[in-house]
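# could you work out the structure for the sequence below:
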Amino acid sequence: MPRVMCFGDSNTHGTPPLDVLGAPWQRMDAATRWPVVMAADLGPEWEVLEEGQPGRTTVHDDPIDGPHRNGLTVLPALLESHAPLDLVLVMLGTNDLKMRFGVPAQDVALALGRIGRTIRASGHAKAVMLVCPPLPRAQGALAAIYEGCEARGQGLPAMVERIADNDGFAFFDANVKVKVDPLDGVHFAPEAHVRLGRALAQVVRSTFGAT
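Numbering: from 1, shown residues only. A predicted model of the protein is given here:
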């Protein structure tokens, strides 16, 4: 049975679009979240593991929300915990585009490459897919936190694809299937989760079906 770990942030965890900053913790039901949708489409012969954490960055300690949000820091423990894995699907980078970090798209792409190489070097997963997340917009409830993100994120999909090609990782641009919800400019509406889950199931099956 092929085993897939979905390593991501709040959009992998299933946080719904927020209507106000500081809203109580929420999570979409399992049937709605894209990793579960992907698992349903792949069928019972696949095992899909959800590893999404709200606020998770690629390689940055968050000075406000805490160092435990650093994806690179927690990754080795997660890989050991879930090994052996056939595929790790990485969708990170949205939180890197917050104003507090101030990093450009190129640095986000390079950080994703480092994540991918760390997974490969661990020996706990056979393959890596880098998924470029839908680009955030500074609007709605999270506008102040993401001020300037459109400019910082410009060109990110092409940069992540280049990193994936150079390092021999699979690549998928989620921007071709879904957009962020205008309510907060960051999270996905339920129908977007369904579209993304189904699209990724098709890509995973066609690319790794013989794993």
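# CA only for contacts and neighbour counts going forward, please
OK.
# next one: phi and psi at residue 119?
phi -60, psi -50 (degrees, to the nearest 10).
# contacting residues for the closest residue to residue 51 other than its chain neighbours?
Distance criterion Cα to Cα, 6 or more residues apart in numbering; nearest residue to residue 51, sequence neighbours excluded, is residue 7 at 4.9 Å. When contacts are counted by Cα atoms under 8 Å, 6 or more residues apart in numbering, residue 7 touches 50-52, 88-92.
# out of those, which is most surrounded?
When neighbours are counted by other Cα atoms under 10 Å, residue 92 leads these with 30 neighbours.
# possible to save the contacts of residue 7 as CSV with pLDDT, distance to residue 124 and secondary structure?
Formatted as CSV, the contacts of residue 7 follow (pLDDT from 0 to 100; distance: Cα to Cα, whole Å; DSSP: H, G, I helix; E, B strand; the rest coil):
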residue, pLDDT, distance to residue 124, secondary structure
50, 98, 16, strand
51, 98, 15, strand
52, 98, 19, strand
88, 98, 10, strand
89, 98, 13, strand
90, 98, 15, strand
91, 98, 18, strand
92, 98, 20, coil
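# and the two most separated of those?
Spatial extent of the contacts of residue 7 (Cα to Cα) is set by the pair 50 and 92 at 13.6 Å.
# ok, of the contacts of residue 7, which one's closest to residue 203?
Distance to residue 203, by Cα to Cα, is smallest for residue 89 among the contacts of residue 7, at 11.2 Å.
# where does the closest residue to residue 183 other than its chain neighbours fall, phi/psi-wise?
Leaving aside its sequence neighbours, residue 183 sits nearest to residue 140 (Cα to Cα, 6+ apart; 5.1 Å). Main-chain torsions, residue 140, degrees, to the nearest 10: phi 70, psi -150.
# distance of residue 137 from residue 36?
26 Å (Cα to Cα, to the nearest Å).
# what's the answer for residue 207, then?
The value you get for residue 207 to residue 36, if Cα to Cα is used, is 19 Å.
# report the contact partners of residue 178.
134, 188, 192, 195-196.
# ok, residue 67 next?
Residue 67 touches 60-61, counting by Cα under 8 Å, 6+ apart.
# on that earlier part again, which one of the contacts of residue 178 is nearest residue 175?
residue 134 (4.6 Å).
# next one, pLDDT for that closest one please.
As summarised for this prediction, residue 134 has a pLDDT of 98.
# now do the SS call for the nearest residue to it once chain neighbours are set aside.
Nearest non-adjacent residue to residue 134, counting by Cα to Cα, 6+ apart: residue 175, 4.6 Å away. With DSSP: H, G, I helix; E, B strand; the rest coil as the basis, residue 175 sits in helix.
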